[in-house]
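Participant: Just need the structure, nothing else, for what follows:
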Amino acid sequence: MVNESDLPLPDGGRLHVYDAGGDGFPVVWHHGTPNLGAPPEPLFEAADRLGLRWVSYDRPGYGGSTSQPGRDVASAAAHTARLANHFGFERFAAMGYSGGGSHVLAGAALLGERVTATVNIAGLAPRNASGLDWFAEMFAGGVASLKAALSGREAKEEHASSAEYDPAMFGDRDHAALEGKWSWLGEIAGSGLLSGLDGLIDDDLAYVGSWGFDPADIASPLLLLHGERDLVVPVSHGRWLAERCPTAELRLSPEDGHVSILDHAEAAMEWLRERSD
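Facilitator: As a prediction, this is how the structure comes out:
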């Protein structure tokens, strides 16, 4: 059973947090866009087997967490530290998927030795990534959404209010994964919009703005997972991060896309556990 509670923030807001419980080594889960922060149910059995304990939170603007307009990607480090302090964790590992992949890098770069190891699954590189054609091979809807964010909050709000789900963002293996083990992801993504569009809008504005840290500063072990058929976050982003982050290990899957790459998450958890004693 996952326990949920609200953590007060210094600005008077709140962070809605989740704890899967147990006495395993803590792993902070960073959710995608749009999503809720509920830890990944398809990976609960693997976590039990490996002696890991999921904790997580709704990013501001999603679910039970209050909005923080103007937040950057680096803000995830402060939220992660506050979450860990709340549960009494001095050290912890972290895993992020899709939009959460960008945010998980913040903690790895800014929280030093508190983070034992980090897994980034299908995450974006910074918008100002030198030598990277950031939009190349990204599906058209994703390009339109992020370019709207580049035009500012008003343009992003207008785009988000009329945007619809585009199945062309996923390949055949992604659709099969969403109909099978990872149907959970589709359910939680829909829930991420029930409280409004603030979380999605603030996420996209953060992705295209200054992140507030340099991924090259990550000193702890970092595993990057990416499908070479990813149309949401093209594999070039994973390759760029691998080239810039000195501790990074890159695992590419030639046949996987943005969702089906999650079928490799259990092996990534084994990697994480080995580096988190």
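Participant: CA atoms for contacts and neighbours, from now on please.
Facilitator: Noted.
Participant: Stretch 258-270: which residues count as buried?
Facilitator: By 16 or more other C-alpha atoms under 10 Å, the buried positions in stretch 258-270 come out as 258, 259, 260, 261, 262, 264, 265, 266, 268, 269, 270.
Participant: Ignore what I typed, I meant stretch 191-200.
Facilitator: Buried, per 16+ other C-alpha under 10 Å, within stretch 191-200: 191, 192, 193, 197, 198, 199, 200.
Participant: what would the residues you listed look like in JSON lines with pLDDT?
Facilitator: Formatted as JSON lines, the buried residues of stretch 191-200 follow (pLDDT from 0 to 100):
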{"residue": "191", "pLDDT": "85"}
{"residue": "192", "pLDDT": "82"}
{"residue": "193", "pLDDT": "84"}
{"residue": "197", "pLDDT": "95"}
{"residue": "198", "pLDDT": "96"}
{"residue": "199", "pLDDT": "96"}
{"residue": "200", "pLDDT": "96"}
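Participant: Could you work out the most separated pair of the residues you listed?
Facilitator: 191 and 198 (13.3 Å; C-alpha to C-alpha).
Participant: who's in contact with the lowest-mean-pLDDT helix or strand in the chain?
Facilitator: The helix or strand of the chain with the poorest confidence is helix 183-191; it has a mean of 89 (mean pLDDT, DSSP states H and E). By C-alpha atoms under 8 Å, 6 or more residues apart in numbering, the residues outside helix 183-191 that reach it are 33, 34, 35, 36, 38, 41, 42, 63, 177, 178.
Participant: So of these, which two are at opposite extremes in space?
Facilitator: Across the contacts of helix 183-191 (C-alpha to C-alpha), the longest gap, 24.6 Å, separates 63 and 177.
Participant: Who has more neighbours out of the two?
Facilitator: residue 63 (23 against 20; other C-alpha atoms under 10 Å).
Participant: how close does the closest residue to residue 89 other than its chain neighbours get to residue 84?
Facilitator: Closest residue in space to residue 89, ignoring its immediate chain neighbours: residue 26 at 7.5 Å, by C-alpha to C-alpha, 6 or more residues apart in numbering. From residue 26 over to residue 84 the distance is 9 Å, taken as C-alpha to C-alpha, to the nearest Å.
Participant: Which residues are in contact with each of the two?
Facilitator: Joint contacts of residue 26 and residue 84 (C-alpha under 8 Å, 6+ apart) are 91, 92.
Participant: More neighbours: those two, which one.
Facilitator: When neighbours are counted by other C-alpha under 10 Å, residue 26 and residue 84 differ, and residue 26 comes out ahead with 27 against 20.
Participant: quick one: contacts for residue 132?
Facilitator: 236, 237, 240.
Participant: and those as CSV, adding secondary structure and distance to residue 229?
Facilitator: Below are the contacts of residue 132 laid out as CSV (DSSP: H, G, I helix; E, B strand; the rest coil; distance: C-alpha to C-alpha, whole Å):
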residue, secondary structure, distance to residue 229
236, helix, 11
237, helix, 12
240, helix, 16
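Participant: Just put these in JSON lines and tack on neighbour count.
Facilitator: Listed next are the contacts of residue 132 as JSON lines, based on neighbours: other C-alpha atoms under 10 Å:
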{"residue": "236", "neighbour count": "20"}
{"residue": "237", "neighbour count": "22"}
{"residue": "240", "neighbour count": "17"}
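Participant: Tell me who's in contact with the spatially closest residue to residue 101 that is not a sequence neighbour.
Facilitator: Distances taken as C-alpha to C-alpha, 6+ apart place residue 123 nearest to residue 101, at 4.2 Å, with adjacent residues excluded. Applying C-alpha under 8 Å, 6+ apart, we find residue 123 in contact with 96, 97, 98, 99, 100, 101, 102, 233, 237, 238.
Participant: And for residue 127?
Facilitator: Residue 127 touches 134, 207, 208, 209, 210, counting by C-alpha under 8 Å, 6+ apart.
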